[in-house]
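Enquirer: Provided below for reference: sequence and predicted model.
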Amino acid sequence: MITSKVICDDMYSNKSWRIVAQEMFSLREINQMEKEMCSYLDWELTVDNLILSNFETAVRKDFGEDRRVYPNYPLVTISKCAAQAVVDAASTTAAPVPEFPTLDYIARHPL
């Protein structure tokens, strides 16, 4: 839904998305989900060609064969905001950008 709004000049309204979703969600819920997702993405709704190309190359390489464990990619490899935060952290006393645990770590440390 968000991608459609970013890419297309003529897109569905949230009211229309409610109909497309067979009214599984209220308009208020759709609006809230959209707002939360944009917030999770730090309102970084576009990806430049270099970042996308590098990410595609890594995914094709890492997922091109069957594996027992697949890698996670650091947030800084796909987010301009996260990459800038790392640069800023190196030059200030700000806290570094947190990373998500790898699947291997999760497998070794079950809840």
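Expert: Everything's here; your move.
Enquirer: how far away is the closest residue to residue 14 other than its chain neighbours from residue 61?
Expert: Taking Cβ to Cβ, 6 or more residues apart in numbering, and ignoring the residues beside it in sequence, residue 14 has residue 30 as its nearest neighbour in space, at 4.9 Å. C-beta coordinates here come from the backbone N, C-alpha and C atoms, glycine included. Distance of residue 30 to residue 61, computed by Cβ to Cβ, to the nearest Å: 37 Å.
Enquirer: more neighbours, the two?
Expert: Legend: neighbour count by other Cβ atoms under 10 Å for residue 30 and residue 61, higher for residue 30 (19 against 10).
Enquirer: and that one, what helix or strand is that in?
Expert: helix 27-40 (DSSP states H and E).
Enquirer: can you check residue 61 too?
Expert: Going by DSSP H and E, residue 61 is in helix 49-63.
Enquirer: now for the nearest residue to residue 62 once chain neighbours are set aside, how many residues are close by?
Expert: Excluding the flanking residues, the one nearest residue 62 by Cβ to Cβ, 6+ apart is residue 71, at 5.3 Å. Residue 71: 14 surrounding residues under other Cβ under 10 Å.
Enquirer: look at residue 60 and report its pLDDT.
Expert: Looking at residue 60, its pLDDT reads 91.
Enquirer: fine by me, thanks again.
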